[in-house]
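Novice: Any chance you could fold what I've pasted below:
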Amino acid sequence: MVRVVKSTVLAAPVEAVWEVLRDFNGHDRWHPAVADSVIERGQPADRVGCVRRFHLTGGEELRELLLTLSDVDMAFSYCLLDTPVPLLNYVAHVRLAPVTDGDMTFWHWESRFDTPPGREAELARMVGEQIYEGGFRAIRAHMGLEGG
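Specialist: Numbers count the residues shown, from 1 in each chain. Down below sits the predicted model:
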């Protein structure tokens, strides 16, 4: 099993970052890899069990299930249901925490998944760099923060 862990500190209050990230259907507004997104069956985007169906900019379709969402903990988890990339049994967790020295946000994003034999390093790098680190840069740009 592959484990990818990435984290960053954003120069913004944790509540402001959570307002953007907690929208399970909002990643098409800030992540450069996501072209469009919709929650299936018209469910609210913050209902545990809802499924978001989205397309990447290359046209690939993915579906993800919201497993947990906690406003108290400023955290959520989700899993991949359908993907053209062989990330098998993929489960990810996002957690925010306040950095009180400067009113900033600590953002922790991690996942565990299986891959076809021999593709562990390639797919771990893709998730860590293109999805997670790309997401960190995109949120900075979206929120007008330094280092975007």
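Novice: For Pro116, give me the pLDDT.
Specialist: Pro116 carries a pLDDT score of 97 in this model.
Novice: count of neighbours near it?
Specialist: 10 (other C-beta atoms under 10 Å). Glycine gets a C-beta too; all of them are placed from N, C-alpha and C.
Novice: what's the spacing between it and Ala75?
Specialist: 30 Å (C-beta to C-beta, to the nearest Å).
Novice: just Phe136 next, same as before
Specialist: Relative to Ala75, and taking C-beta to C-beta, Phe136 is found at 17 Å.
Novice: ok, now Tyr90?
Specialist: Distance from Tyr90 to Ala75, by C-beta to C-beta: 17 Å.
Novice: quick one, which of these two is more surrounded?
Specialist: Set Tyr90 next to Ala75 and count neighbours by other C-beta under 10 Å: Tyr90 wins out with 22 against 18.
Novice: Can you classify that one as helix, strand or coil?
Specialist: Assigned with DSSP: H, G, I helix; E, B strand; the rest coil, Tyr90 falls in the strand class.
Novice: Could you pull up the residues touching it?
Specialist: 79-80, 83, 111-113 (C-beta atoms under 8 Å, 6 or more residues apart in numbering).
Novice: Equivalent analysis for Val91, please.
Specialist: Contacts of Val91 (C-beta under 8 Å, 6+ apart): 67, 77-79, 111-113.
Novice: On the strand side of things, show who it bridges to.
Specialist: Per DSSP bridges, the residues bridged to Val91 are Cys79, Arg112.
Novice: quick one: the strands in the protein?
Specialist: Remark: strands assigned in the chain by DSSP state E are 2-10, 34-39, 51-56, 61-70, 75-82, 88-99, 104-114.
Novice: Relative to the whole chain's centre, how far out is the second one?
Specialist: What it means is strand 34-39. 13 Å (C-alpha atoms, centre = their mean, to the nearest Å).
Novice: Keeping just the C-alphas, turn that strand into CSV.
Specialist: Output in CSV follows, covering the C-alpha atoms of strand 34-39 (Å, rounded to 0.1, in the frame of the first residue of the first chain):
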residue,chain,number,x,y,z
VAL,A,34,-10.5,19.9,-12.5
ALA,A,35,-12.7,21.2,-15.4
ASP,A,36,-16.2,20.7,-14.0
SER,A,37,-17.9,19.0,-11.1
VAL,A,38,-21.4,18.1,-10.0
ILE,A,39,-22.9,16.3,-7.0
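Novice: All set now, cheers.
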